[in-house]
Structure formats: structure tokens, C-alpha cells
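> pasted the sequence and its predicted model underneath.
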Amino acid sequence: MPMNLIHLRAFHQVATYGSYVSAAAAAHVSQPTLSEQVRQLERHHGIKLLQRSGRSVELTPLGRKLFAVTSKLFAAELEAEAVLAKARHVMQGELRFGTDAPINAVGVLSAFRRRNPGVSIQLVSGNSAEIRNRVLAGTVDVGIIADETPHPDLTARKLATQDLVAFVRHDHALARAKVIGLKELVTHPLVIREIGSVTRRSIEEALTQAKLQPAEVLETDSREAVHAAVIAGLGIGVIAEDEFNDDPRLVLLDFADAVQPITEYLVYRKDNQRSHVVEAVVDCVG
């Protein structure tokens, strides 16, 4: 009996999104329908491909092998769609775009929207590690991250480099200073992102090289939370310069010491680089 592509696609959707709920929403079908399609695939071949883990699912060893195959299969399908779309001179579909900071994606997405008005855009944000993992897992097509770590499955294109800066509330004792040294920085509570953030990694590396340790660290889960904590007077924030919120309650400080700048990269899976939406994004960055 020939392979049932509907059942195979159902498995691929669940494996891609990591849950039946998210996969069903993306496929515009009911969760019971998607679950039954995966069960039929497993029953027909007498195998186990997915295991539930709370609200998410995990791939069995066989499931991981099959997912590697379906990723190539449906990537080829996207490539075929791209050929036909170009023949019609129309770009359609969906772009799933991940970024470690929305401000870094604005220029690329604006250019993409102007050139491809028929493509819907889903924007996902998170720290660099999270977005990188999403690109690798195939849950986003393209990502902008500040992580230069090479990976055999990823293509990375350099976009821009920006400095790391500190900032304080307008009535802070350092508000009138234009610069801050690392020795002075560690005497105040430090407000930084969670582990996985390249901003955090950069400032921690600078402090380690200077053999300094912050007196107190307040960890947050977003750039917005860093700004809010500093406005609340909880400490000194550290952020990439382009991500600084131009708020009259905040004052930006440059570092007097050498701190490694942050470089942003456009990343996408090598086996997805001929997808019509990925090619269109790459065209927008030159």
C-alpha cells in the first residue's frame, strides 16, 4: 500500500511544532483529527513515533529518523511551490520569522512586505538561543540572532554590529555621567537578561576578563522587563544600543572599558535555503 502523505504530513506538523495543539492550529484542523492521523500512521506500521510529555510531545528514536526524512520531503514541496509561484510572478504563503529583538527585524520585514504583499508574516521573539533552536527545529523559517556559533545545518549571514551600553533611571546617582566603568558597574545591582541571551554573555565575559563580580544581579526574561526594572529603580540595565528605549525617564551610559560588541546574523536551515520565502528574505538583506 502506498504511503499516506496526509498521515505523514500530520506527523511532520506535530514533530515540527512540538505539540498537537500548536500543530493543529497551524494546519487549520482540529486536534482530534490530527491525533487520529498520527495514530493511523503508527498503527499501520506497528511503530511508535511520538510520546506525550505533558502538553508537548517528544520524538522517539524512530520518530527522529522519520522527521529528518519528512523535513527534506516537505522542504522539496516548498521548493516546488516556489518554482510555480515565480512562474505566476506571485509570492504567497507564510513567513515564520524569529528574532532576538523586534527592532532588529523591522527593516528586513518592511522590505519583505513591500516586495511580497501576499505573504503573511508570523513574528516570534525570544533570546538568541531560543530563536536559534527554533530555526534548527523548523518552527521558524528565518531568524535574526546575535549568536555566531557555527552549526552544520545552519547558514548565517552577518547583518550588523552594535555596541553594548548601560542605562539608569534619570534620577540615579550616575545619570549625569556619560560613561561608566566596569568597576563602578559591579557596585550597583545589575539588571540583565536570562541565560541564553547574548547580551548577558557579552557583559559576563567582559566582567570575567576584568576579574570582577556583580554585587547583585536581577535577571529578567525580556528587554521590556529590563527597561521596566530600571525605571522602577532596581538597578543598572545593560542592553544592545539599538534596543535602548528612548524614554525620558532613562539615561544611556557608554562603557569606558572595552566590551565586546554584539553582531547580529540572519540564520536559516541549509536544507531550507531554496524555499521561496527564505530566498525572498535573503534578497531583502542583499
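Alright, I've got the coordinates. Numbering: from 1, shown residues only.

> residue 212: what secondary structure?
Recorded secondary structure, residue 212: coil (DSSP: H, G, I helix; E, B strand; the rest coil).

> so it sits against residue 183, correct?
Yes: contact criterion C-beta atoms under 8 Å: residue 212 and residue 183 qualify, at 6.5 Å. Every residue, glycine included, has its C-beta placed from N, CA and C.

> the two - which one has more neighbours?
residue 212 (16 against 12; other C-beta atoms under 10 Å).

> now do the contacts for the nearest residue to the more buried one once chain neighbours are set aside.
The shortest distance from residue 212 to any non-neighbouring residue, by C-beta to C-beta, 6 or more residues apart in numbering, is to residue 186 (4.9 Å). Contacts for residue 186 (C-beta atoms under 8 Å, 6 or more residues apart in numbering) come out as 207, 212-215.

> show me where the stretch 51-200 of the chain has strands.
Applying DSSP state E, counting those that start in this stretch to the stretch 51-200 of the chain gives strands spanning 56-59, 93-99, 119-125, 142-145, 154-162, 164-169, 179-180, 189-193.

> direction included, what does the longest one pair up with?
This points to strand 154-162. strand 262-269 (antiparallel) (DSSP bridges).

> now do the last one
For strand 189-193, the pairing partners within the sheet under DSSP bridges are strand 216-220 (parallel), strand 236-240 (parallel).

> buried sites along stretch 273-282?
Applying a neighbour-count criterion of 16 or more other C-beta atoms under 10 Å, one finds 275-282 buried in stretch 273-282.

> show me the contact partners of it.
75, 78-79, 81-82, 85-86, 91, 93-95, 97, 108, 112, 115-116, 119, 141-142, 155, 157, 266, 268, 272.

> are any of these buried, and if so which?
75, 78, 82, 85, 91, 93, 95, 97, 108, 112, 116, 119, 141-142, 155, 266, 268, 272.

> for the helix or strand of the chain with the lowest mean pLDDT, buried residues please.
For the chain, counting by mean pLDDT, DSSP states H and E, helix 61-88 ranks last in confidence among helices and strands (a mean of 81). For helix 61-88, the neighbour count (16+ other C-beta under 10 Å) marks 63, 66-67, 70-71, 74-75, 78, 82, 85 as buried.

> helices or strands up against it?
In terms of contacts (3 or more C-beta pairs under 8 Å, 6 or more residues apart in numbering; DSSP states H and E), helix 61-88 is packed against helix 5-17, helix 276-285.

> if we use 6 Å, what do you get?
helix 5-17 (3 or more C-beta pairs under 6 Å, 6 or more residues apart in numbering; DSSP states H and E).

> which positions within the helix it packs on qualify as buried?
Going by 16+ other C-beta under 10 Å, helix 5-17 has these buried residues: 7-17.

> quick one: work out the angle between that helix and helix 61-88.
100 degrees (axes from the mean of the first three to the mean of the last three C-alpha atoms, to 10 degrees).

> what about helix 5-17, distance to the chain center?
22 Å (C-alpha atoms, centre = their mean, to the nearest Å).

> give the rounded mean pLDDT of it.
Averaging pLDDT along helix 5-17 yields 91.

> who touches that helix?
20, 23, 27, 34, 37-38, 40-41, 49, 59, 67, 70, 74, 138-139 (C-beta atoms under 6 Å, 6 or more residues apart in numbering).

> who wins on neighbours among those residues?
Neighbour counts for these, by other C-beta under 10 Å, peak at residue 23, which reaches 24 neighbours.

> what sits against that residue?
13-14, 17, 34 are the contacts of residue 23 under C-beta under 6 Å, 6+ apart.

> try 8 Å this time
Contacts of residue 23 (C-beta under 8 Å, 6+ apart): 10, 13-14, 16-17, 34.
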